[in-house]
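Participant: Can you look at this prediction? I've put the sequence above it.
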Amino acid sequence: MKFLDTDILPLGMGCWPIGGAMFAGDQPLGYTNVDDDESIRTIHAALDAGITLFDTAPAYGAGHAERILSRALKGRPEAIIATKFGTGIIEESKQLTENEDDPASVLPAIDRSLARLGRDRIDVLILHLNSLSVPKAEALFEEVEKACAAGKVRSYGWSTDFSESAVAFADRPAFVAVEHAMNVLLDAPRMRRALHDKDLVALIRSPLAMGLLGGNYGAGDAMRKDDIRATSNPRTDYFANGQVNPTFLAKLDAIRALLTTDGRTLAQGALGWIWAQEGANIPIPGARTAKQIEGLAGALAFGALPDDVVVQVEALVEREPDDTPDRAR
């Protein structure tokens, strides 16, 4: 598919897991068992598989994921980096601080990301404030436009689950993508329709439901206390009390055999469901080992789930009513 006038595979690598530890006060917001050398091998394995899109943020490891990408992508100009702005960080203590929604914060934040990434230009700069109002976002994007004019930013977008917000800036030539949550257990039909109508690229976060759709967790499996999935963060609804949420596990068990159609792994089937919904979808599953990203890249050989399988999946998964209000996920 075409993205930023470049032919890329419809699959990216999410870099939240390789950021490692990060906190808001005492609350852990990162992933455990991260090894920087293995993270670099993972990025190189992604490149070897033809994956060239890497999604990161200053928030991931409080700057650490951006620095790891810088190390791994030296001499790889074909790599496309999407990073974000809007969340304050303190690198030394791995702390996430207050939201940075003051327009005066935008250009300095861009310069800091460029320095951590070791690049002269950010390919896709994404607003990382899911629920920000459109007027406040407009003031921030005016500053981003200045960075575009200066050659520091190539294009931009918004990480939001609110469809009206997602399309509010679609008429701007440099606004090219929206990052939103969606997976086979939690569809986003209103957002899908909005992005299709506006011809915007969808970067799909949480395509594997925070790892649940990777197939490695079952009833009774406990998350480590320093893992975000052991917290009450709204994004971790797939897990409850540090274990797999039984509601989501029941949904998964109902469709497990369908997702593994034709020899797919569970994760490959979950990615295939996303591709079956819309050709412009680019899932960006997180990975922290080379084995993980190689398995995910194997989904490309299978492609979208067959139409008849998708119909069977939809018959088994209970969906929210179509008029359910948008909410941050």
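Facilitator: Yes, it's here.

Participant: can you give me the helices for the stretch 51-200 of the chain?
Facilitator: 64-72, 106-117, 134-149, 163-167, 189-198 (DSSP state H, counting those that start in this stretch).

Participant: Go ahead and produce CSV holding the CA coordinates of the second one.
Facilitator: What it means is helix 106-117. Extracted C-alpha coordinates of helix 106-117, given in CSV (Å, rounded to 0.1, in the frame of the first residue of the first chain):
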residue,chain,number,x,y,z
VAL,A,106,4.9,21.9,20.7
LEU,A,107,8.0,23.1,18.9
PRO,A,108,10.4,22.4,21.8
ALA,A,109,8.8,18.9,22.1
ILE,A,110,9.5,18.3,18.4
ASP,A,111,13.1,19.3,18.8
ARG,A,112,13.5,17.0,21.8
SER,A,113,12.1,14.0,19.8
LEU,A,114,14.3,14.8,16.9
ALA,A,115,17.3,14.8,19.2
ARG,A,116,16.4,11.4,20.8
LEU,A,117,15.6,9.9,17.4
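
Participant: What's the mean pLDDT across it?
Facilitator: Mean per-residue pLDDT for helix 106-117: 98.

Participant: buried sites along that helix?
Facilitator: Residues 106-107, 109-110, 112-114, 116-117 are the ones in helix 106-117 that count as buried (16 or more other C-beta atoms under 10 Å). C-betas here are computed from N, CA, C, even on glycine.

Participant: again, but for stretch 171-188
Facilitator: 174-188.

Participant: Return the member of those residues nearest to L258.
Facilitator: Distances from L258 to those, taken as C-beta to C-beta, are shortest for V184 (9.4 Å).

Participant: Got phi/psi on that closest one?
Facilitator: phi -60, psi -20 (degrees, to the nearest 10).

Participant: Helix, strand, or coil at the closest residue to it other than its chain neighbours?
Facilitator: Nearest non-adjacent residue to V184, counting by C-beta to C-beta, 6 or more residues apart in numbering: W273, 4.3 Å away. Under the three-state scheme (DSSP: H, G, I helix; E, B strand; the rest coil), W273 adopts helix.

Participant: burial of W273, as a residue count?
Facilitator: 27 (other C-beta atoms under 10 Å).

Participant: Tell me the pLDDT of it.
Facilitator: 98.

Participant: Likewise for V144?
Facilitator: At V144, pLDDT is 98.

Participant: hang on, it packs against G157?
Facilitator: No. Here V144 does not reach G157: they are 9.9 Å apart, not a contact under C-beta atoms under 8 Å.

Participant: quick revisit: nearest to P285, out of the helices of the stretch 51-200 of the chain?
Facilitator: helix 64-72 (14.7 Å).

Participant: Counting neighbours, which bits of that closest one end up buried?
Facilitator: So, applying 16+ other C-beta under 10 Å, buried residues of helix 64-72: 64-70, 72.

Participant: And those, which is closest to P207?
Facilitator: A65 (18.0 Å).

Participant: List the single closest residue to that closest one in space, sequence neighbours excluded.
Facilitator: Once flanking residues are discounted, A65 sits nearest to G19: 3.7 Å by C-beta to C-beta, 6+ apart.
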